[in-house]
Structure formats: C-alpha cells, structure tokens
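Q: pasting the sequence and the predicted coordinates here, then a few questions.
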Amino acid sequence: MIEALLRLFALRPLFTVAILGIPLLVIIAVGLFTIVALKLLFVVVLPIAIIVWIVRRLFWRDRFDCPPEEWS
C-alpha cells in the first residue's frame, strides 16, 4: 500500500503537492495567524487595557462607587 502511494506520488508530482503541500501550508498559515493574534493581544491590547483600568481606578470615581457624603 505504501509502495503504491509512493509510486503514485512519484508519477504525479502535482497530485503530491495537492495532497501533502496544501494542508501543510494551511497549518502553517493558521499557526502564524495565531502567533500574530496572540502577540497583538499581549503586546498591544493587554497593556492598554491595564493602563485604562488603573487610570479609571485611581482618578474616575463613579457616583455609585462610594457612598454620598451625607451618609457619614
């Protein structure tokens, strides 16, 4: 069975590329896209979200965050 497949691949190189090459290219493309997306998430989005969270926590007191002054 393996010998028949090897003979088929040797006789038809475009068929070999279609069967073996395209799925490998798709796997490589998906892997690279995942790496870029994760890198973008950790290098750009996460630091901005942390900075915004810290600034909102320190400077922007919401009306419902602390009780009114007449309660004290």
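A: Now that the structure is in, tell me what you want to look at. Residues are numbered from 1 along each chain as shown.
Q: CA atoms for contacts and neighbours, from now on please.
A: Noted.
Q: so where is this protein shaky, pLDDT-wise?
A: Low-confidence segments of the chain (pLDDT under 70): 61-72.
Q: for it, what spans make up the helices?
A: 2-11, 13-16, 22-40, 46-59 (DSSP state H).
Q: so for the shortest one, what gets flagged as buried?
A: By 16 or more other C-alpha atoms under 10 Å, the buried positions in helix 13-16 come out as residue 16.
Q: mind giving me the packing neighbours of that helix?
A: Applying 3 or more C-alpha pairs under 8 Å, 6 or more residues apart in numbering; DSSP states H and E, we find helix 13-16 packed against helix 2-11.
Q: dead centre of the protein: give me the residue that sits there.
A: By C-alpha atoms, centre = their mean, the chain has its centre lying nearest to residue 37, at 3.4 Å.
Q: how much space between that residue and residue 30?
A: Note on residue 37: its distance to residue 30, by C-alpha to C-alpha, to the nearest Å, is 10 Å.
Q: do the same with residue 1
A: Shown here: residue 1 relative to residue 30, a distance of 31 Å by C-alpha to C-alpha.
Q: these two - which one has more neighbours?
A: It is residue 30, of residue 1 and residue 30, that has more neighbours when counted by other C-alpha atoms under 10 Å, with 12 against 6.
Q: residues contacting the more buried one?
A: By C-alpha atoms under 8 Å, 6 or more residues apart in numbering, the contact set of residue 30 is empty.
Q: now with 10 Å, please.
A: 24, 36 (C-alpha atoms under 10 Å, 6 or more residues apart in numbering).
Q: quick one, what contacts residue 53?
A: Counting by C-alpha under 10 Å, 6+ apart, residue 53 has contacts residue 47.
Q: got it, and the one 4 residues further on?
A: Residues in contact with residue 57 (C-alpha under 10 Å, 6+ apart) are residue 51.
Q: any figure for the gap between it and residue 25?
A: 46 Å.
Q: try residue 19
A: 11 Å.
Q: ok, residue 33 next?
A: Taken as C-alpha to C-alpha, the span from residue 33 to residue 25 is 12 Å.
Q: thinking again about what came up before, distance of the residue nearest to the centre of the chain from residue 4?
A: Distance, residue 37 to residue 4, by C-alpha to C-alpha: 42 Å.
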